[in-house]
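# need coordinates for the below:
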Amino acid sequence: MTLTAQLALLLQELHNQCSDIRGTVIATSEGFILAAASLLDDESAAATAVHITQVIEQHLSLLQPSRCREVMVWTEEGLWYLMRLPDEHVLMTLAGPDTNAGLLRLVTRVVDESIATIMAQARAEVMRLGVRATAD
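Residues are numbered from 1 along each chain as shown. Predicted coordinates:
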């Protein structure tokens with residue numbers, strides 16, 4: 001199964017576990033879409049996820065240097081949840097305004113663990129292909 005298919009399946013499972021989720025995007029550290037679903041399925045959502053994380057880190061570093069791990073923002077339109085993933089990727093989810101924040105965080109934490117596994121497999125495959133290309 002391709003990396004894209006694995007991530008799409010993972011996002012579908014996330015949406016199945018929390019029906020209040022309206023959209024999800026996984027962005028690369030450069031702000032490009034790695035995977036996306038529903039309302040956040042565009043490049044601006046991916047870029048926004050990375051930008052918000054960077055700005056929060058930048059401003060908090062004025063007080064104490066640290067990495068942004070998770071952020072929740074409540075708006076009238078919904079609950080936004082951002083989480084830094086392995087390899088500097090960022091996940092951003094939009095859920096309904098009445099969503100239980102604990103539930104959203106709980107189901108999203110599973111994504112963090114699964115993405116780490118999927119990305120490790122992808123890196124191993126790239127390394128294997130690199131070794132094979134060098135040998136040829």
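# now the helices: where do they sit in the chain?
Along the chain, counting by DSSP state H, helices occupy 3-17, 43-60, 101-135.
# least confident of these, on average?
Per-segment confidence across these bottoms out at helix 101-135, which has a mean of 82 in mean pLDDT.
# and that one, what's buried?
Leu104, Arg105, Val107, Thr108, Val111, Asp112, Ser114, Ile115, Ile118, Met119 (16 or more other Cβ atoms under 10 Å). Using the backbone N, CA and C atoms, a C-beta is placed for each residue, glycine as well.
# so which elements touch it?
With contacts taken as 3 or more Cβ pairs under 8 Å, 6 or more residues apart in numbering; DSSP states H and E, helix 101-135 sits against helix 3-17, strand 70-74, strand 79-84, strand 90-95.
# that helix vs strand 79-84, what angle?
Angle between the axes of helix 101-135 and strand 79-84 is 30 degrees (criterion: axes from the mean of the first three to the mean of the last three Cα atoms, to 10 degrees).
# quick one: helix 101-135 to helix 3-17, angle?
Interaxial angle, helix 101-135 versus helix 3-17 (the same axes, to 10 degrees): 170 degrees.
# now do helix 101-135 and strand 70-74, the angle between them.
Relative orientation of helix 101-135 and strand 70-74, computed by the same axes, to 10 degrees: 140 degrees.
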